[in-house]
Every structure is written in C-alpha cells, then in structure tokens.
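A.B. asks: Take this sequence and fold it.
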Amino acid sequence: MDTFEKEFEVRDYELDIQGIVNNAVYNNYFEHTRHAFLKSCGLNFSQMHDEGLDAVVIKMETEYKAPLQSGHHFVCTLKAEPEGRLKIVFFQEILKLPERKLMTKSRVTVACVKNNRPVEPVEIREKMGLSL
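C.D. replies: The predicted structure is shown next:
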C-alpha cells in the first residue's frame, strides 16, 4: 500500500499555554487523516455506522519528537496493515513542512464491531488494498 498524506496548518486555538499544539489535538489530526483515507478508498465512515458497522480505536501509542507551533504547515501520513483477522493497524506520522521533519508518530490499532460484536473487516480490507 502507498502512503496516504493529508496536509494541515496549525491553528492558534489548538495551542496550550506553552504556545505549542496540545497533545490531545494530535489525536484529531490522526483521526481526520484516517477518515480522509477511508473516504479515498470509497468507504464512508457515517454510512458504515448507519449500517451498524463501527471501526473503533482499541489502542493508540504516540511518540512526540518535537512540538508543532502556530502557523506550522505539516503533513500527516498514514500506512495501514492488517493484524490478524480482526484488526487493522495504522502507522501515522506528522512531518513538518517543508523539510518533512518528524514531529510525532503514532501506532493506532482499530477493530471493527457490528452490533457490539467483533467482526472481520473483509470488505474494508479489500477497499483499502490490504490482504492477510
């Protein structure tokens, strides 16, 4: 699978008292990128939910390398891999532009549930171009 990228700019309201992006905001960047990626694969997150299928984050490990600040432009990258039959792992990085300096990286594990029961995300993997 190719690396998916989504470009952003830090907004002033995303900063904490130290003048850097609040650590919780990075989760929003990562999530927005995952949703944009799903959309690019022909998957509609809202439609999936309406059909009773939800992709839920079950684990997230984030490593902060350097802080983003007001006005910084950056790209959030994403690569996905299946983990067993039931999970998909998203490897995501935030790279400050233009030098593509690594600022943050995260490993996000997602599982799919239908009616609150784990299900194998066969169609989702297919649309994402992932195989076991």
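
A.B. asks: Contacts only, for residue 83.
C.D. replies: 89, 109 (C-beta atoms under 8 Å, 6 or more residues apart in numbering). Yep, even glycine has a C-beta here, placed from its N, CA and C like the rest.

A.B. asks: What's opposite it in the beta bridge?
C.D. replies: residue 87 (DSSP bridges).

A.B. asks: low-confidence ranges in this protein?
C.D. replies: Residues of the chain meeting the criterion pLDDT under 70: 1.

A.B. asks: Show me where it has its strands.
C.D. replies: 4-9, 53-64, 73-83, 87-96, 101-114, 117-119 (DSSP state E).

A.B. asks: Residue 38: which of the ones you listed is closest?
C.D. replies: strand 53-64 (8.0 Å; C-beta to C-beta).

A.B. asks: quick one: strands adjacent to the closest one?
C.D. replies: strand 101-114 (antiparallel).

A.B. asks: Not counting its own residues, what contacts the partner strand?
C.D. replies: Outside strand 101-114, the residues that reach it (C-beta under 8 Å, 6+ apart) are 26, 30, 34, 52-68, 74, 83, 86-96, 118-121, 124.

A.B. asks: quick revisit: CSV for the strands of the chain, including distance to residue 15?
C.D. replies: CSV is the format used below for the strands of the chain (distance: least, C-beta to C-beta, whole Å):
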stretch, distance to residue 15
strand 4-9, 13
strand 53-64, 15
strand 73-83, 14
strand 87-96, 15
strand 101-114, 14
strand 117-119, 38
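
A.B. asks: looking at those, which is buried most?
C.D. replies: strand 87-96 (a mean of 20; mean count of other C-beta atoms under 10 Å).

A.B. asks: Output it as PDB, restricted to C-alpha atoms.
C.D. replies: Extracted C-alpha coordinates of strand 87-96, given in PDB (Å, rounded to 0.1, in the frame of the first residue of the first chain):
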ATOM      1  CA  LYS A  87      -7.500  -5.700  13.500                       C
ATOM      2  CA  ILE A  88      -6.100  -3.000  11.300                       C
ATOM      3  CA  VAL A  89      -3.000  -1.100  12.400                       C
ATOM      4  CA  PHE A  90      -2.500   2.500  11.100                       C
ATOM      5  CA  PHE A  91       1.100   3.800  11.300                       C
ATOM      6  CA  GLN A  92       0.900   7.600  11.200                       C
ATOM      7  CA  GLU A  93       3.500  10.300  11.300                       C
ATOM      8  CA  ILE A  94       3.300  14.100  11.400                       C
ATOM      9  CA  LEU A  95       6.000  15.700   9.300                       C
ATOM     10  CA  LYS A  96       6.600  19.500   9.500                       C
END
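
A.B. asks: Alright, calling it a day.
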